[in-house]
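Engineer: quick one, what's the 3D model for this:
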Amino acid sequence: QRQLLETGGGLVQAGNSLTLSCAASGSIFAGYSMAWFRMAPGKSREFVARITYTGNFPFYSDSVQGRFTISRDNAKNMVWLRMDALKPEDTAVYYCAAAPGVSYGDESAYNLWGQGTQVTVSA
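Structural biologist: This next block holds a predicted model:
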């Protein structure tokens, strides 16, 4: 069964760090770009970061560039999002998503989504 499972969310103070994990079933990982999106209360879902299957070209939204790092281990079918210098405006449900081939921030390109994990950053 094709699925993504996010873990690692929680409550953290502003300025601190948190790492999210996404476990993917093997049948969807090979050749797929993986991304993180987030949805804050009262807002639409937005792109956060993406990594291609080879991991050579990570791509970030302007709001997290320089603070967040996306990585993956294809042998383990795992993707991570390390979040540093967290801000209250980073509070959201974070989703892991998969897209065949090379994709960027277009949500419609991603055809598999996890359930999401809540990240809350207190001031």
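
Engineer: switch to C-alpha atoms for all contacts and neighbour counts from now on
Structural biologist: Will do.

Engineer: list the residues that contact the spatially most central residue of the chain.
Structural biologist: Nearest residue to the geometric centre of the chain (CA atoms, centre = their mean): residue 36, 2.2 Å. Listed by CA atoms under 8 Å, 6 or more residues apart in numbering, the contact set of residue 36 reads 47-50, 81, 94-97.

Engineer: leaving out chain neighbours, which residue sits closest to it?
Structural biologist: Distances taken as CA to CA, 6 or more residues apart in numbering place residue 96 nearest to residue 36, at 4.7 Å, with adjacent residues excluded.

Engineer: next SSE after the helix or strand that neighbour falls within?
Structural biologist: Following DSSP states H and E, one finds residue 96 within strand 92-100. For strand 92-100, the following helix or strand on the C-terminal side (DSSP H and E) is strand 112-113.

Engineer: compare the contacts of residue 36 and tell me which has the most neighbours.
Structural biologist: In terms of neighbours by other CA atoms under 10 Å, the contacts of residue 36 top out with residue 96 at 31 neighbours.

Engineer: ok, so what distance separates that one from residue 13?
Structural biologist: Going from residue 96 to residue 13 by CA to CA, to the nearest Å gives 23 Å.

Engineer: okay, residue 87: pLDDT?
Structural biologist: pLDDT for residue 87: 98.

Engineer: need the contact list for it.
Structural biologist: Counted by CA under 8 Å, 6+ apart, residue 87 has contacts 14-15, 121-123.
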